[in-house]
Structures are given as C-alpha cells and as structure tokens.
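Asks: Structure for the following, please:
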Amino acid sequence: QVQLQESGPGLVKPSQTLSLTCTVSGGSITTNYYYWSWIRQPPGKGLEWIGYIAYTGSTDYSPSLKSRTSISRDTPKNQFTLQLSSVTPEDTAVYYCASAPTYYSGSSFSYLGVWGQGTLVTVSS
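Replies: The predicted structure is shown next:
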C-alpha cells in the first residue's frame, strides 16, 4: 500500500524559498499514469492545489502560483520535492503531498487517493 510522508522546515522567513520533500513508500513515483501533487490549506481556508509531477517527470502548476513554484523528483530515492520561492506570511499553511492514479491537475480533490499526513509551514520573521 502506497504511503506518503512530507518533510521539511516548519518555519521559513519571508522572501526565502520554502522547500518540502515527499517520500513515497509502497510504490514507485514512476508507476505508469500516476500523478503526484502538492496541495496546501491555509489556516481557516480551503484546500488549494499547487501542482504536480507526473510519472513521466512532466510538471504543471496552478496559474496563481506558477511563477514561484517548482516541483522536481529524485527517482532513486522515490521522492518528489516542492520549492516555493519569495514566500510571504500568506503562504503559511499545512502542506500535503498526494497521489492520483490518473491525470490530475487540480479538479475535485476526491480524485487524490492517497495523502500524506500534512506538515505545517509558518512564514514569519
């Protein structure tokens, strides 16, 4: 059974780059047709899709975050990483990684079958 685990700093200063890693166990990030996403939820607000990296290595991002976002992967380690640059306090949120067994680019979150437990990132000086 696939499991996902987020890791990274819980506190980031404004203007710096937020970097989080999702470690996948029980399955491979190169498994055909799987899409690996990052999602966040600011305090008191709804879920927001950030972007994905596909089993092929291709990526796509939310238009509202595209200019500041990069998602990459380390295939031997079976990990994928989120980098969000020039952060502000508005980027404070619980960040989740999740997987979908088919193409997924931010539609209903119900298509995401497996989620990590989430990690809180606070942007503050």
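Asks: quick one: which helix or strand includes the residue nearest to the spatial centre of the chain?
Replies: Among the residues of the chain, W38 comes closest to the average C-alpha position under CA atoms, centre = their mean, at 2.1 Å. With the criterion set as DSSP states H and E, the secondary-structure element containing W38 is strand 35-41.
Asks: Is it correct that the residue nearest to the centre of the chain is in contact with T21?
Replies: No: counting by CB atoms under 8 Å, W38 sits too far from T21 to count as a contact (10.6 Å). Where you see a C-beta, it was placed from the backbone N, CA and C, and this is true even at glycine.
Asks: Which neighbours do these two have in common?
Replies: Contact criterion CB atoms under 8 Å, 6 or more residues apart in numbering; residues shared by W38 and T21: L82.
Asks: picking that back up, for the residue nearest to the centre of the chain, which residues are in contact?
Replies: When contacts are counted by CB under 8 Å, 6+ apart, W38 touches L20, C22, W49, I50, G51, Y52, I71, L82, Y95, Y96, C97, A98.
Asks: For T17, see how far away the fourth one is.
Replies: As judged by CB to CB, to the nearest Å, I50 and T17 stand 14 Å apart.
Asks: I53 too?
Replies: Relative to T17, and taking CB to CB, I53 is found at 17 Å.
Asks: continuing past the strand holding W38, what's the next helix or strand?
Replies: Moving toward the C-terminus from strand 35-41, the next helix or strand (DSSP H and E) is strand 48-54.
Asks: Quick check: which helices or strands does that next one pack against?
Replies: Under the contact definition 3 or more CB pairs under 8 Å, 6 or more residues apart in numbering; DSSP states H and E, strand 48-54 sits against strand 35-41, strand 59-61, strand 69-74, strand 79-84.
Asks: Who has more neighbours out of I53 and T17?
Replies: The neighbour count for I53 versus T17, taken as other CB atoms under 10 Å, is higher for I53 (23 against 13).
Asks: Just grab the bridge partners of the more buried one for me.
Replies: Under the criterion DSSP bridges, I53 forms beta bridges with W36, T59.
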